[in-house]
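Sequence first, predicted coordinates after that:
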Amino acid sequence: MKFTWFNLMSWPHLPDDFRETNRSVWVDIDQQLFKPALGNDVYNNYMDLLEYAETVGFDGIGINEHHQNGYGIMPSPNLIAAGLARRTSNAAIVVLGNSIALYNPPIRVAEEFAMLDCISGGRLVAGFAVGTSPDTNYCYGQIPSLLREKYYEAHDLIIKAWTERKPFEFNGRYTQLRYVNIWPRPIQQPFPPIHIPGGGSVETYDFCIDNTYSYSLLSTAGYIPVKDVMQGYWDRIAERNVPDISPYRAGFAQTVCVAETDAEAERLYASHLLYFYNRCMHLYPGFGEAPGYRSIRSIRTSALAKYAPPTGEAFSALTWKDLIEGGYVIAGSPETVRQRMEEMIRTLRVGHIFCLMHMGDMTREKCMYSTKLFAEKVMPQLRSIFKEYDDDDRFWCKPIASRASAGQLPPDDVAAQLATAYDGGEGGPWN
Amino acid sequence: MELKSIATRHCSVSYFEGGSGPPLVFLHGLTGVSGDDPFLERLAEHFHVFAPLIPGYGESEECREIRDMLDFTLHTWDVVEALALNRPVLVGHSLGGMIASEMAAVAPRDLASLALLAPLGLWLDAHPVADIFATLPYEMPELLYHDVELGKAFLTTGAGLDDLDALKAFFIINARQLGMAGRLLFPIPDRGLARRLYRIKAKTTVIWGGSDRLAPPVYAEEFARGIAGSTLRIIREAGHMVQLEKPAETAAAILALCGP
């Protein structure tokens, strides 16, 4: 099992009357609601929490990309990843992902991921997202019915940029380049492991199977509504006679909160989870899904629950009881959480769990408390699930053994001595 | 009007055909066109009318290969050629008006005359065209019609959207049609037509509904100004779906264009 501590990075200062005074948390959210000075505190706090997760034993720390969004304030996950690369040493840095069709040209992704891989010593787990409709269509103006084609072309260019060793021409429909020759290159070869955050398009199943990428699902409504989507992936694997059914082929993002008892979990976390579901999920339905974003094939085959474009209304009146019983969140005592997690893991057959442990306006102290309890009392109990596949390292980073870290400059006087001692011939710390 | 089908290089195209007289090609707008359209029936009294459906609309099959303005423009000339029409009257509404304008610009001698009904394709920062792609189904009638009740009757076609099968069918139609339309209109319905209007030589009339809330009538002046010798006609008590709300007046304006 691989556990990644994940933070969507929600803005924790949305007002109580947010739903009444704003039509959407996404796309046209009131800019005045973001206070830059508070942002200084929010970003640093959130990055502290990600770094903390490494210290308590999470395998990875994860971030993602959203634009113009009050529930996710990372338009550039790579900037966050760069900070994390410097201040962590062992955890995988899981960027899940870059919305590659939005990077112009897409070799920007190849370059930035290469930089991150070098700086972190080979700890990058790369994600290539198609990107949500609000992000790609309404914020970034991508033509909905052409987005997937643009995404696949971007993917092909990025992979080629990572694997070719001489400059090459690229005559694509969306990008034309004469001298693709990225510098730096990633440490991991042939390139970092790739996870694809999917949303239920049947095309994504085949894409993951064809390329041996790990298929990840994110569902803020928990795993029950998306069971069929994940099952669709495993069915497709069976249908195509893919040689192995390693659970590491798949991943799932789950909201998790842990306390000493179930009642204590409600006392500590209910208000923060309700903040998330009531305010952060308030999306204007007109921005939910641009026509042409999902293929006809996907609409035809999607489960009944997904016929309607996603709206925030489904979440607005949820109570703590609804969140728990509906499986939106897994929260409670370590034993409750362990049991529900195991159920989810086995039902979906996933080897990668992205634990959403900071939600809404949760305080950092509560987040640390929940995180530590999970790491000490729950995670160890789940490690042995799918033990028979422990050797499957295809979908995780392989860092170099000896890695440079931040803060390695010698004291000034030592530097001065070493600097002036060398005669410029042999000898010198770089030789 | 009879529904037929014809093959073109990229895909098979469905079209309505009816009437007799000089050939007239009608290019429909965002919401498509139906065989019992009252406006087409009036035109069919004076013209041999052909109304091809854009790939993705109605029975026309989807077409991956038609992606940008030039693709749409040349595909539609392909349709005219496949139908073996010689210098037709070209009439375009909304999205169809955008395509008709580009066709008239790229091949100015290949049409007899041009009627543009609330065409899209120009952009004025001070008067943004409304975003149909962020408009909810229940908001469409008000956006597209002067007479909102008439709009509701036209757009909902009776089906309640509580029925999951109906909902699924609605989303599929919407995805097909607006998915295709989005290639020309999303995120902003401008693909550079302003730079090419000067090339239109055909006798042109620009017709606009006075209550158009999608593309305000100020755009009518913009089109008229850009096309030398064109006439302008504002039809009152009509919204963006000008020819559906005022079929008689719209047809009359087109007849006047083509008159002796």
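Thanks, I have the structure now. Computed from a predicted model, the values in this text were never measured in an experiment. Numbers count the residues shown, from 1 in each chain, chains lettered A, B, ... in the order given.

what's the neighbour count on the residue in chain B positioned nearest to chain A?
Among all residues of chain B, residue B:179 sits closest to chain A, at 2.6 Å; criterion: CB to the nearest CB. Just so you know, the C-beta spots here come from the backbone N, C-alpha and C atoms, and that holds for glycine as well. Number of residues near residue B:179 (other CB atoms under 10 Å in any protein chain shown) recorded here: 24.

pLDDT value on the nearest residue to it once chain neighbours are set aside, please?
Spatial nearest neighbour of residue B:179, chain neighbours left out: residue A:292 (2.6 Å); criterion: CB to CB, 6 or more residues apart in numbering or on different chains. At residue A:292, the pLDDT value in this model is 93.

before we move on, back to that, residue contacts, the residue of chain B closest to chain A?
A:144, A:145, A:291, A:292, A:293, B:56 (CB atoms under 8 Å, 6 or more residues apart in numbering or on different chains).

Next one: the first one from chain B, what distance?
Residue A:144 sits at a distance of 5 Å from chain B (criterion: CB to the nearest CB, to the nearest Å).

Who are the contact partners of that residue?
Taking CB under 8 Å, 6+ apart, one finds A:133, A:136, A:137, A:290, A:291, A:292, A:293, B:133, B:179, B:182, B:186 in contact with residue A:144.

One more: the third one?
With contact taken as CB under 8 Å, 6+ apart, residue A:291 is in contact with A:144, A:145, B:133, B:174, B:175, B:177, B:178, B:179, B:181, B:182.

Likewise for the fifth one?
Residue A:293 makes contact with A:133, A:136, A:137, A:144, A:145, A:147, B:179 under the criterion CB under 8 Å, 6+ apart.

of the contacts of residue A:144, closest to residue B:194?
residue B:186 (18.2 Å; CB to CB).

count of neighbours near the closest one?
24.

didn't it look like it was pressed against residue A:290?
Yes - assessed by CB atoms under 8 Å, residue B:186 is found in contact with residue A:290 at 7.1 Å.

intersection of neighbour lists for these two?
A:137, A:144, B:133.

what pLDDT does the spatially closest residue to residue A:200 that is not a sequence neighbour get?
Using CB to CB, 6+ apart and skipping the chain neighbours, the partner closest in space to residue A:200 is residue A:229 (4.6 Å). Per-residue pLDDT puts residue A:229 at 90.

Contacts for the one helix or strand residue A:229 maps to next, please.
Assessed by DSSP states H and E, residue A:229 sits inside helix A:227-239. Applying CB under 8 Å, 6+ apart, the contact partners of helix A:227-239 are A:198, A:200, A:202, A:205-206, A:208-209, A:215, A:217, A:223, A:245, A:249-250, A:252, A:301, A:303, A:347-350.

Following element in sequence after that helix, please.
Criterion used, DSSP H and E; the element after helix A:227-239 is strand A:250-258.

among the contacts of residue A:293, which two are most distant?
Checking the contacts of residue A:293 with CB to CB, the most distant pair is A:136 and B:179, at 14.0 Å.

Do I have it right that residue A:103 meets residue A:151?
No - counting by CB under 8 Å, residue A:103 sits too far from residue A:151 to count as a contact (10.8 Å).

Residue 24 - nearest residue in space that isn't next to it in sequence?
Here I'm looking at chain A. Residue A:24 sits nearest to residue A:284 (CB to CB, 6+ apart), 3.6 Å away.

That was the other one, I meant chain B.
Of all residues not flanking residue B:24 in the chain, residue B:47 sits nearest, at 3.8 Å (CB to CB, 6+ apart).

okay, now that neighbour: neighbour count?
Neighbourhood size, residue B:47 [other CB under 10 Å]: 25.

same thing with residue A:250?
For residue A:250, using other CB under 10 Å, the count is 24.

what do you get for residue A:100?
25.

can you pull the contacts of it?
A:106, A:109, A:128, A:129, A:151, A:154, A:155, A:158.

Could you tell me which of those residues are located in helices?
Among these, DSSP state H puts A:109, A:151, A:154, A:155, A:158 in helices.

Could you verify my assumption that the second one touches residue A:106?
By that I understand residue A:151. No - using CB under 8 Å, residue A:151 is not in contact with residue A:106; the gap is 9.2 Å.
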